[in-house]
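Enquirer: Below is the sequence, then the predicted model.
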Amino acid sequence: MAGSGGRWAPGHPLSRRRRARGDRVGGNAPRHGGGDRRSPPCLRRGPWPRTPERERGALLLRTADLIERDAKEFARAESLDTGKRLVESEYDIADVVACFRYYGGIGGTDAGRVIDAGRDDAVSRVVYEPVGVCGLITPWNYPLLQASWKVAPALLAGNTVVLKPSELTPSTSILLMRALEEAGLPAGAANLVLGSGPEVGAPLSEDPAVDMVSFTGGLETGKRIMAAAAAGVKKVALELGGKNPNVVFADADFETAVDFALTAVFLHSGQVCSAGARLIVEDSLHDAFVDEIVRRARQIRLGGPFDPEAETGALISAQHREKVEAYVAAGLAEGAVLRCGGARPDDPALANGHYYPPTVLDECRQDMRVVHEESFGPCSPSSASPTRTTPYASPTTPSTDSPEPSGRRTPARLSGSPGGCATAPCGSTTTTPMCRRRNGVGSGIRAWVGSWDRPA
């Protein structure tokens, strides 16, 4: 499955660190070399695209069974690579199994559709065909789950795939390839290449034999991939990061909103693309709400992936921790107030890991880098929502002098981070004026909007 022709290529030394301990682990793994950038011929001429869709779905169902059988091995490998708590990895693997079962279950159910051709003597039918060779580039924060979201639907549709996981977290992608092989996937239908973005991701994006590139990761890398794919007019699918806002209105259920806000920013130490990484609270609730967030954040226990008392884990690397620290320092230099965290933990048991404590910055402004740029760490910049007569303006959105209803002003402020993928307004569904205001937040936002409400 790895390398060309569906065979495991000879290994190259591949060293990485255990996030919770900071020590190196090594071994041999198939690795894409600089002189081996051509896609194997079997990608296009193999049997997989001609296999009936129902049979392709059946193979995905067998793959789901194999992953479920080896779930403990998958979860342990995921936690060792990422540093996240084992319980989180176990949830992720369960989601992976569900993903393969979902796509396996719909195999053979799409017969296309007939549309009006405008003539009595003609029949017009829409059918879907495989795109071809799909280059799939996945991130390090949810390695196998992100891979499954790309691999499973691509294979069901009859595509062949070249999976390039992050060089920081390759272990479960290797296990996935072995599961596909055991399930009976033909040689060359799924291929794995390992290495860094410049070494592997860039050639994959540029390769004329690749018909589509799907990438999940940072905004700047996404821009480069889109530019590289443009030369061959490839299809491109991007899921990019951003600074997602978590909006709390005054009528929200207080304890529920606090729980959601803490989970939104500190789960997996903030290394989540849909994290509610900036907190916007209505004026009348702001002080009490942020005080409670700070009190609870100070109690969050850091620890390794196999520590049963840990509530969040380490960051992915020393370099990434330095990036988070730089954003916190920039926020303080620009006038933010540090309410908790902001320094490496002094616990000797955590000294060798890439740990950073839950951090809350208050009195933040929209023009601060820590507010509108993605730090991808356990740092929550917070601010109070403006008064009704103050427009919600962002660094990338021109302000206006004419006041609008606050629910209609909000999107301009929330959309200030390019590439953001989620917004979460929190308010009551039972208070009609506030409900209309909360629902107005979703209008004009180019992102997924999740609403967390007090039950009726």
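Expert: Sure, I can see it. Numbering: from 1, shown residues only.

Enquirer: Secondary structure element for the residue nearest in space to the middle of the chain, which one?
Expert: Closest residue to the average C-alpha location of the chain: residue 273 at 4.0 Å, with C-alpha atoms, centre = their mean. Counting by DSSP states H and E, residue 273 is held by no secondary-structure element, helix or strand.

Enquirer: Which strands or helices does the longest helix along the chain pack on?
Expert: Longest among the helix segments of the chain by residue count, using DSSP state H, is helix 86-105. Packed against helix 86-105 by the contact rule (3 or more C-beta pairs under 8 Å, 6 or more residues apart in numbering; DSSP states H and E) you find helix 53-69, helix 71-82, helix 143-156. The way it works is simple: take the backbone N, C-alpha and C, and place the C-beta from them, glycine included.

Enquirer: Packed most tightly, which of the ones you listed would that be?
Expert: Among the helices and strands packed on helix 86-105, the stretch with the highest mean neighbour count (mean count of other C-beta atoms under 10 Å) is helix 143-156, at a mean of 24.

Enquirer: any idea which helix or strand comes after that one?
Expert: If you walk from helix 143-156 toward the C-terminus, the next helix or strand you reach (DSSP H and E) is strand 160-164.

Enquirer: what sits against residue 324?
Expert: Neighbour list for residue 324: 270, 315, 356, 375-379 [criterion: C-beta atoms under 8 Å, 6 or more residues apart in numbering].

Enquirer: Show me the helices in this structure, by range?
Expert: Residue ranges of the helices in the chain, as given by DSSP H, are 42-45, 53-69, 71-82, 86-105, 143-156, 171-183, 202-206, 219-230, 254-266, 283-297, 318-333, 369-372, 406-414, 432-441.

Enquirer: Out of those, which gets the lowest mean score?
Expert: The minimum mean pLDDT among the helices of the chain belongs to helix 406-414 (a mean of 45).

Enquirer: Save the helices and strands packed on helix 86-105 as JSON lines, and put in distance to residue 257 too.
Expert: JSON lines is the format used below for those (distance: least, C-beta to C-beta, whole Å):
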{"stretch": "helix 53-69", "distance to residue 257": "35"}
{"stretch": "helix 71-82", "distance to residue 257": "28"}
{"stretch": "helix 143-156", "distance to residue 257": "27"}
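
Enquirer: Determine which of these approaches residue 293 most closely.
Expert: With respect to residue 293, and counting by C-beta to C-beta, the nearest of the helices and strands packed on helix 86-105 is helix 71-82 at 25.2 Å.

Enquirer: Could you check the angle that closest one makes with helix 53-69?
Expert: Using axes from the mean of the first three to the mean of the last three C-alpha atoms, to 10 degrees, the inter-axis angle of helix 71-82 relative to helix 53-69 is 80 degrees.

Enquirer: could you say what helices and strands helix 71-82 packs with?
Expert: By 3+ C-beta pairs under 8 Å, 6+ apart, helix 71-82 packs against helix 86-105, helix 143-156, helix 171-183.

Enquirer: redo that, cut-off 10 Å
Expert: Helices and strands in packing contact with helix 71-82 are listed as strand 16-17, helix 53-69, helix 86-105, helix 143-156, helix 171-183; criterion 3 or more C-beta pairs under 10 Å, 6 or more residues apart in numbering; DSSP states H and E.

Enquirer: any low-confidence regions in the stretch 301-450 of the chain?
Expert: In the prediction, the stretch 301-450 of the chain carries residues with pLDDT under 70 at positions 386-450.

Enquirer: which stretches of it form strands?
Expert: 337-340, 359-362, 379-384, 422-428, 448-449 (DSSP state E, counting those that start in this stretch).

Enquirer: so what's residue 94 up against?
Expert: The contact partners of residue 94, taken as C-beta atoms under 10 Å, 6 or more residues apart in numbering, are 67-68, 71, 75, 145.

Enquirer: same thing but at 6 Å, please
Expert: When contacts are counted by C-beta atoms under 6 Å, 6 or more residues apart in numbering, residue 94 touches no other residue.

Enquirer: Would you mind measuring from it to residue 289?
Expert: 33 Å (C-beta to C-beta, to the nearest Å).

Enquirer: can you check residue 373 too?
Expert: For residue 373, the distance to residue 289 equals 24 Å [C-beta to C-beta].

Enquirer: same deal with residue 269?
Expert: 22 Å.

Enquirer: Compare those two (neighbour count), which wins?
Expert: Counting neighbours by other C-beta atoms under 10 Å for residue 269 and for residue 289 shows that residue 269 has the greater number, 32 against 22.

Enquirer: ok, now how distant is the more buried one from residue 87?
Expert: In this structure, residue 269 and residue 87 are 14 Å apart, going by C-beta to C-beta.

Enquirer: Residue 256 too?
Expert: To residue 87, residue 256 is 22 Å away according to C-beta to C-beta.

Enquirer: still on that earlier bit, mind checking which of the helices and strands packed on helix 86-105 is nearest residue 361?
Expert: The closest approach between residue 361 and any of these, judged by C-beta to C-beta, belongs to helix 71-82 at 25.4 Å.

Enquirer: CA-only coordinates of stretch 285-300, as CSV, when you get a sec.
Expert: Only the C-alpha atoms of stretch 285-300 are listed here, as CSV (Å, rounded to 0.1, in the frame of the first residue of the first chain):
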residue,chain,number,x,y,z
LEU,A,285,-22.8,39.2,31.5
HIS,A,286,-19.1,39.7,30.6
ASP,A,287,-17.4,40.3,34.0
ALA,A,288,-19.1,37.4,35.9
PHE,A,289,-18.8,35.1,32.9
VAL,A,290,-15.0,35.7,32.4
ASP,A,291,-14.4,35.4,36.2
GLU,A,292,-16.0,32.0,36.2
ILE,A,293,-14.0,30.9,33.1
VAL,A,294,-10.8,32.0,34.8
ARG,A,295,-11.7,30.2,38.1
ARG,A,296,-12.5,26.9,36.2
ALA,A,297,-9.5,27.2,33.8
ARG,A,298,-7.1,27.4,36.8
GLN,A,299,-8.4,24.0,37.9
ILE,A,300,-7.8,22.1,34.6
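
Enquirer: what residues does that stretch touch?
Expert: Applying C-beta under 6 Å, 6+ apart, the contact partners of stretch 285-300 are 250, 258, 262, 281, 311-312, 339-340, 358, 360, 362, 382, 384.

Enquirer: Residue 308: neighbour count?
Expert: Considering only other C-beta under 10 Å, residue 308 is surrounded by 8 other residues.

Enquirer: what's near enough to touch it?
Expert: By C-beta under 6 Å, 6+ apart, the contact list for residue 308 is empty.

Enquirer: Next up, phi/psi of it, please.
Expert: Backbone geometry at residue 308, expressed as degrees, to the nearest 10, gives phi -70, psi -20.

Enquirer: swap in residue 275?
Expert: Here is the backbone geometry of residue 275 (degrees, to the nearest 10): phi -60, psi 140.

Enquirer: how close does it get to residue 335?
Expert: In this structure, residue 275 lies at 23 Å from residue 335, with C-beta to C-beta as the measure.
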